[in-house]
Each structure stands twice: as C-alpha cells, then as structure tokens.
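>>> Sequence and predicted structure below; questions after.
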Amino acid sequence: MPEGHTVHRLARTFDALFVGEGLRLSSPQGRFAAGAAMLDGRALVRAEAWGKHMFLGFGPRPTTGTGTTTGTTTGTTTSTTTTPDADLAWLRVHLGLYGSWTFAGDGSTRVAHAIGAPRRRVGEQEHALPAASPSTAASSAPPAGETPDGWDVPAPRGQVRVRVLGAHAVADLTGPSACEVVTDDERRAVLARLGPDPIRDDADPERFVARVRRSRTAVGLQLMAQDVVAGVGNIYRAEALFRAGLDPSTPGTDVPAETLRAIWDDLVVLMRDGVATGRIGTTRPEHRGLGHEKGRMDPRRVRQNTDDDPGVVSREESFYVYHRDGLACRVCGATVLVRDAAGRTLFWCPACQV
DNA sequence: AATATATGCAAAG
DNA sequence: TTTGCCTATATTT
C-alpha cells in the first residue's frame, strides 16, 4: 500500500500518538542501532509527509539527567512549536515495496493496527487498536528498563528495524527501503527533488502540468516519476489515466494542459479520499459490480481492501483496470490489457483510453 | 522447503 | 534496460 496516501496516514498517526513526547528509540533487528541511539530520549516535534517520504522531526536531547518530559502531551494540533525545522534531527523513512509500520498501545487513541505493505492475511480485518480504559500512564516514555503503566508492550515481531516507544503507544517498522537520520539541509535536499504532492495544500498543480508537457516521455511513465508528481504509485497511475480516458503511451508533449489539470484535480480527490479511508477506491457506483463479464478476479490477487465492513466497497470493486487484465472493462466491455512499463506492471483499457 | 508475489526506487550496464 | 535490495505471506513442490 505504500502510495502517498499511506504515508500521509502514517504521519498523521505519528502526530496523534507521539508528538510532544519524549520517546525511546531502539533497533531490535540491530541494523539501525546507531541511528536509534542518536534519537533515543528526544521528543517528537513534528511529523511530515511529502509523496512517499515521511519525516519525523526530533528536538534536542534533554539535558537534565532524569526522565523529565520535554514537550506537552496535549495531543492536539495547538502546540505552537518554537523549535525551528533547522534545529531538528530528522528520521527519514521510505517504505519501498515491502515496508510497514505496526502499532500497539493502550487504546487511548484509535489508529490502524498496521499501515504499509499488504501484509494482512486474505480476509483479515485491519482492526483498530482496541479502546481500553483511560490510562494513568506517565506522560512520556519510561526510562530504560521500565515499562509504561496500564498496558503491555508487545515483543517485536519479525525484522523490526526501528521501534518507537511512547507512554501510550509503540510503533515497529519492518522492511523499509530507507530509514536514516538526516539533517534539515539533507531533508530539504530530498524535498527539492520531489514534484508537487496532490495531498498537500501547498502543492502547485501548474508545476506538474508544465513538467509533463516538457518531455516526450510517455505520460504513463511520467505519472510514476516522483520528481514529476510525488506520491502517485502503480494503482493511482493506472486508475487516474483510465478515469481521464488517456492512453498511457501518449507522449507528455501531446497531452493538453486541460487534460493534465483534470488529472491533477482527480488525483487530489482520489488520494485525499485514500488518506481518509486508508484504502484506494476509484470506481464510481454505477461501474461497480463483480466481473459480470469474464469471470472474477484471481483471488490470489486480492491482497488488500479485504475488509468486509458494511458500506465499504470491496477490493474487487475498487478499481477500473488495476489487476483486471483479461477481464472486461467495467465501462465498455473491452478486454483490459497489461504490459511491463519500465519494470512496473501497467494496466489499461485500449478502448476507453485513447 | 522452495517459490512466487507486492501499491518502489536507485545503481549499474 | 536490467539488477539488486528490503520482508512477510500464500501457494506449490
């Protein structure tokens, strides 16, 4: 699931669970031991997402000897942080294809149990952390060797690169393609290489429009390029092009600016909906329904959106073309095609997308 | 036990 | 354009 909406969800979750609190960082797996030691004991000041990168900004290491709290635990957005970005130590995390965060806690804040790669067993629910009785736990993570009050901290499962432990919750990271401590300059250098992110309010759509039209590279490849538009992955790429009725192989120079603006506006809606719901869904109600035509999807490909909550569109009904090769197009009935495009699988309808 | 698969990306050829 | 890497899970041998 690590397209942009996933990462924004993660940043929001870290904000809700950990901002303003001194945290314990460790690397149960060992591969991030040095980085974890650098950040251990510091307070999380800010969590930010841009495209598929998440940055956690940590304040200075507390100088006092005992476990006094560095920040507030008011929990909501009001804390006007006085620490400038430039003074923060940043943890940069990129989930890549396999990365995932798993959460547990005392239930004082409801968050998804896991956010990241499609790790759940087929049919398993992504249940939220169970609500528990109000905890009287301390307002910051405990010193080494102690455990938080009021809830049990689970042992790390699998190859946990980094564990973030607060007073009320714990987060374990497995399988990231990037997990490193960077300076503010290094963080800004990463951001400078990213295109506008449709989920962010500060994004400039015209940067996207101009950039695509500057190159003859196929629009289907450009939509996956993070320096063109940040946060779009294989699903949003395929679905946005379908909804725009645009052939993925169209050279960028040939796509009208109006079409690109429409794609941008569509991505804004689709991806922000993904942030809100935790799932990608792009079909309009009149186009849903299981394969009325050429059979159902291969169940082995149903790896996400498997929750059967009432009112939730099933995984099988969520997409127009993604993973639907060989099936009939939901709109026109033509057979959905698939091919490899620069190492990624591209799905499209040859009749609807011209 | 071995293999196939995945919503990603960077480095090498 | 191809290879390598990060990891857990489902399926096949």
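Nice, thanks for sending it over.
>>> So in chain A, where's the weakest helix or strand by average pLDDT?
The least trusted helix or strand in chain A, going by mean pLDDT, DSSP states H and E, turns out to be strand A:114-116, with a mean of 86.
>>> In terms of secondary structure, what does that one contact?
When contacts are defined as 3 or more Cβ pairs under 8 Å, 6 or more residues apart in numbering; DSSP states H and E, strand A:114-116 sits against helix A:4-18, strand A:100-105. Heads up, the C-betas are built off the backbone N, CA and C, glycines and all.
>>> nearest to A:Pro154, of the ones you listed?
Ranking these by proximity to A:Pro154 (Cβ to Cβ) places strand A:100-105 first, at 5.1 Å.
>>> residues in the stretch 1-150 of chain A within reach of DNA strand B, list them.
Contact residues (Cβ under 7 Å from any atom of the strand) of the stretch 1-150 of chain A with DNA strand B: A:1-3, A:6, A:51-52, A:94, A:96-98, A:117-118.
>>> Out of the residues you listed, which end up buried?
By neighbour count, with 16 or more other Cβ atoms under 10 Å, those hold A:1-3, A:6, A:51-52, A:94, A:117 as buried.
>>> rewinding a little: could you export the helices and strands packed on strand A:114-116 as a markdown table, including mean pLDDT and distance to A:Trp348?
Below are the helices and strands packed on strand A:114-116 laid out as a markdown table (pLDDT from 0 to 100; distance: least, Cβ to Cβ, whole Å):
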| stretch | mean pLDDT | distance to A:Trp348 |
| --- | --- | --- |
| helix A:4-18 | 95 | 21 |
| strand A:100-105 | 92 | 29 |
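>>> Touching, A:Gly57 and A:Ala43? I think so.
No. When contacts are counted by Cβ atoms under 8 Å, A:Gly57 is not listed as touching A:Ala43 (9.7 Å).
>>> Chain neighbours aside, what residue packs nearest to A:Lys52?
Nearest non-adjacent residue to A:Lys52, counting by Cβ to Cβ, 6 or more residues apart in numbering: A:Val7, 5.3 Å away.
>>> try A:Asp184
In space, A:Asp184 comes closest to A:Ala86 once its chain neighbours are excluded; the distance is 4.6 Å by Cβ to Cβ, 6+ apart.
>>> Just give me the neighbour total for that neighbour.
Using other Cβ atoms under 10 Å, A:Ala86 is surrounded by 10 other residues.
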